[in-house]
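# With the sequence up front, the predicted model follows.
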Amino acid sequence: MPLTKITRGALTADIIDSTKLADNAVDTEHIAASAVETAKINADAVTSAKIADGQVDTEHLAALAVETAKIGADAVTNAKVADGEIDTEHLAADAVTSAKVSDGTITADDINSTFLQPIKSDISALALREATNESSASFNLPNQFIETFTDDTNLGTQTDCDRGSGYMTTIGTFSGSETLFDYANTDVGINMTNMTSNYSGYTTILGDGNSLDSIHKTDGQDRNSPGGHSNGSSASTVSLDYGSSITWTALLLGKRQQHGDWNVGTIEYSANGSSWTGVNFTGWSATHTGDSTDYVVGDGSYYHSGSAPSGTGLLEAMGSDGTFNWYQFGTQNGTENSVKQKVTGFTAFDARYFRMSMSSQHSAQNSNASWSAFGWYHHPLVSIANATGTLIQSANAVGSAKTKVGGVIFYKDNAGTATLGTDLKIYFSCNNGGAWTEAASYNAITPVYSTGIKQVRLGETTCTSGTGVIYKAVWANQAGGSKETQLHGIGINY
């Protein structure tokens with residue numbers, strides 16, 4: 001009988017090998033559950049088409065199996081990122097824009113002061129440039145101080161240095177402090193008309209020890225120190241020749257108690273001794289000099305006779321055209337003391353010649369009226385040449401305690417080339433000079449402020465805490481003609 005089928009029991013174990021199976025003969029139902037092991041799968045045999053959706057879970061992924069290339073675009077959502085897992089190195093350059101920062105998120109404590117210091121220094125430089133352009137005096141901003149050296153207002157201590165026109169230096173020639181002209185040691189020509197002591201043609205010279213020298217002292221003189229008086233005429237004049245033009249800032253003026261009593265006069269100035277202009281005394285004020293012990297009665301307490309003074313003899317008025325008048329003296333008693341007053345408040349001016357004329361007198365015993373003072377104040381030139389020097393700002397109170405200071409300076413190499421930090425150093429103090437710390441760094445700013453004047457940023461400097469922020473400038477190694485370092489401005493921020 002022919003063989004029609006082979007039963008399972010007729011097959012011996014392992015009798016069916018790969019040669020007995022036709023291609024594509026084994027389909028899904030012929031494969032037992034869990035029969036396909038990893039070793040039975042060829043490399044790359046399992047493609048994405050062979051994997052059902054949702055079938056690959058965490059345990060099917062090998063360690064480090066998910067690489068960047070395996071992650072689809074937009075696959076990582078906010079929900080997939082654990083809290084606190086993104087730090088600085090995960091952020092791309094410029095990734096955090098203002099739109100990504102919520103309002104009020106960044107506070108002052110989050111901003112590094114070192115990051116802000118260049119900005120603060122630039123603001124100081126801008127303020128300093130503007131103040132310099134306007135020749136402004138020093139001033140404070142809420143957290144800054146600006147100094148352009150236009151005056152001495154906030155220059156607390158100056159040691160071996162001085163202020164020029166808009167700068168500080170240890171070498172130069174400057175206008176000194178106001179002082180009475182040195183009549184005792186300087187030749188000045190004098191000319192008088194209608195006086196008992198008539199010196200004509202400026203031939204008599206003050207400063208040679210003659211009796212006229214006393215009329216230019218701030219103290220008074222008694223009747224034994226004559227200065228000449230009117231010979232009975234109201235048209236008396238006294239003229240002075242200083243030899244060259246000088247800038248005058250104040251006047252020493254006075255009259256003596258004699259039988260005559262000067263009332264109205266005029267003071268004029270000239271550049272050539274022939275064309276005269278009345279001194280403009282607008283804004284004047286006067287204070288008396290000396291006291292009764294040196295023959296000066298400027299306080300109005302002196303009188304010649306009787307039980308009470310009948311007049312002070314002080315200046316009553318001064319005009320814009322050079323005219324002036326005195327109050328009447330009290331009754332004569334022959335002592336012939338004097339009044340002398342320093343007149344200030346008027347605008348300074350330049351002149352070589354002066355002329356004082358008598359116009360009228362008060363009623364008195366006779367017309368022998370006399371003057372006790374006709375001298376001028378000025379600012380004499382002072383030259384310095386110091387190798388070292390120190391400038392300290394005056395006290396500067398701030399609203400709260402500070403520990404950080406920075407700033408900017410303008411300086412000029414007037415001769416030679418300075419090394420900042422050696423030839424010129426800047427120090428800061430937060431407690432009004434109780435402790436000083438040199439600027440942390442000196443960094444040039446370009447471009448320069450103006451021809452020859454350089455800008456330098458002063459690095460943020462940590463100081464002892466306090467509520468008085470000031471600076472100190474210290475010069476060294478200065479020498480005329482070879483190293484002259486001028487400080488033209490400073491701005492500090494805190």
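Happy to help now that I have it. Predicted model only: the values in this text are computed from it and were never measured.

# For the most centrally placed residue in the chain, which non-adjacent residue is closest in space?
Nearest residue to the geometric centre of the chain (Cα atoms, centre = their mean): Glu147, 0.9 Å. Spatial nearest neighbour of Glu147, excluding adjacent residues (Cβ to Cβ, 6 or more residues apart in numbering): Ser138 at 4.3 Å. All C-beta spots, glycine's among them, are computed from the backbone N, C-alpha and C.

# isn't the one you found right up against Asn154?
Yes. Using Cβ atoms under 8 Å as the test, Ser138 is close enough to Asn154 to be in contact (4.5 Å).

# what touches both of those two?
Jointly contacting Ser138 and Asn154 under the rule Cβ atoms under 8 Å, 6 or more residues apart in numbering are Phe145, Glu147.

# Mind checking which of those two has more residues around it?
Ser138 (22 against 18; other Cβ atoms under 10 Å).

# one step back: tell me the contacts of the residue nearest to Glu147?
Phe145, Ile146, Glu147, Thr148, Thr150, Asp151, Thr153, Asn154.

# give me that answer again for 10 Å
131, 145-155, 393-394, 396, 489-491 (Cβ atoms under 10 Å, 6 or more residues apart in numbering).

# now swap in Thr403 and tell me
The contact partners of Thr403, taken as Cβ under 10 Å, 6+ apart, are Ser113, Cys430, Thr461, Thr462, Cys463, Thr464, Ser465, Gly466, Tyr494.

# Return the closest of the residues you listed with respect to Ser270.
Nearest to Ser270 out of the contacts of Thr403 is Tyr494 (Cβ to Cβ; 53.6 Å).

# Let's see the pLDDT reported for the closest one.
Note on Tyr494: pLDDT of 89.

# likewise Asp151?
So, for Asp151, pLDDT stands at 88.

# And for Glu59?
Note for Glu59: predicted pLDDT of 77.

# hang on, it is in a helix, isn't it?
Yes. Assessed by DSSP: H, G, I helix; E, B strand; the rest coil, Glu59 belongs to a helix.

# my read: the residue nearest to the centre of the chain touches Ile426, true?
No. Glu147 is beyond contact range of Ile426, at 11.7 Å (criterion: Cβ atoms under 10 Å).

# Now do the shared contacts for these two.
What both Glu147 and Ile426 touch, as defined by Cβ under 10 Å, 6+ apart, is the set Ile409, Tyr471, Ala473, Leu487, Ile490, Ile492.

# quick one: which of the residues you listed is nearest Thr77?
Checking those against Thr77 by Cβ to Cβ gives Ile492 as the nearest, at 52.1 Å.

# tell me the secondary structure for that closest one?
Using three-state DSSP, the structure places Ile492 in strand.

# Could you give the number of residues near it?
By other Cβ under 10 Å, neighbour count at Ile492 equals 28.

# can you pull the contacts of it?
Residues in contact with Ile492, defined by Cβ under 10 Å, 6+ apart, are 120-121, 124, 128, 143-147, 393, 396, 405-409, 426, 428, 439, 458, 461, 469-471.

# Once you drop chain neighbours, what's closest to it?
Gly407 (3.9 Å).

# Show me what that neighbour is bridged to.
Counting by DSSP bridges, Gly407 forms beta bridges with Leu458, Ile492.

# now swap in Thr179 and tell me
His378.

# what about it, neighbour count?
12.

# Check Glu67 too.
The tally of other residues near Glu67 (other Cβ under 10 Å) stands at 7.

# The one 3 residues further on now?
Residues lying near Lys70 (other Cβ under 10 Å) number 9.

# Tell me, what's the model's pLDDT at it?
79.

# Return the distance of stretch 268-281 from the chain's centre.
39 Å (Cα atoms, centre = their mean, to the nearest Å).

# Could you list the buried residues of that stretch?
For stretch 268-281, a neighbour-count test (16 or more other Cβ atoms under 10 Å) marks Glu268, Tyr269, Ser270, Trp276, Val279, Asn280, Phe281 as buried.

# any idea which helix or strand carries the closest residue to Thr464 other than its chain neighbours?
Leaving aside its chain neighbours, Thr464 sits nearest to Ala435 (4.1 Å; criterion: Cβ to Cβ, 6+ apart). Under the criterion of DSSP states H and E, Ala435 resides outside all helices and strands.

# Tell me the spacing between Ala435 and Phe145.
Distance, Ala435 to Phe145, by Cβ to Cβ, to the nearest Å: 18 Å.

# can you pull out the strands in the stretch 51-200 of the chain?
In the stretch 51-200 of the chain, the strands defined using DSSP state E, counting those that start in this stretch lie at 139-141, 144-147, 155-159, 162-163, 168-169, 171-175, 179-180, 188-193.

# just the strands in the stretch 201-350 of the chain please.
For the stretch 201-350 of the chain, the strands defined by DSSP E, counting those that start in this stretch cover 204-206, 237-256, 261-270, 277-278, 285-288, 315-318, 323-326, 338-344, 349-362.

# strands paired with the fifth one, and their directions?
When pairs are called by DSSP bridges, strand 285-288 turns out to pair with strand 338-344 (antiparallel).

# What residues of the partner strand count as buried?
Residues Ser338, Val339, Lys340, Gln341, Lys342, Val343 are the ones in strand 338-344 that count as buried (16+ other Cβ under 10 Å).

# Distance of the third one relative to Glu67?
What it means is Lys340. Distance of Lys340 to Glu67, computed by Cβ to Cβ: 102 Å.

# and what of the first one?
Noted for Ser338: a distance of 108 Å to Glu67, by Cβ to Cβ.

# Give the burial count for the residue nearest to Ile492, as a bare number.
If we define neighbours as other Cβ under 10 Å, then Gly407 has 28 of them.

# Just the pLDDT for it.
Reported pLDDT for Gly407: 91.

# Might one say that it is in contact with Ile470?
No. Contact between Gly407 and Ile470 fails when scored by Cβ under 10 Å: they sit 11.4 Å apart.

# what do the two both touch?
Shared contacts of Gly407 and Ile470 (Cβ under 10 Å, 6+ apart): Phe145, Phe428, Ile492.

# Burial check on Val456, number of neighbours?
Neighbours of Val456 (other Cβ under 10 Å): 21.

# just to revisit the earlier point, looking only at neighbour counts, state which of Ala435 and Phe145 leads.
Phe145 (24 against 14).

# which SS class is the closest residue to Ala418 other than its chain neighbours?
Nearest residue to Ala418 in three dimensions, chain neighbours excluded: Thr485, at 4.2 Å (Cβ to Cβ, 6+ apart). What three-state DSSP gives for Thr485 is strand.

# Thr485 reaches Ile426, doesn't it?
No. Taking Cβ under 10 Å as the definition, Thr485 is not a contact partner of Ile426, at 11.9 Å.

# Give me the more crowded residue out of these two.
Between Thr485 and Ile426, counted using other Cβ under 10 Å, the more crowded position is Thr485 (27 against 23).

# how near is that one to Pro447?
20 Å.

# Now Leu48: phi and psi?
Just to correct that, residue 48 is Ser rather than Leu. Ser48 adopts backbone torsions of phi -60, psi -30, taken as degrees, to the nearest 10.
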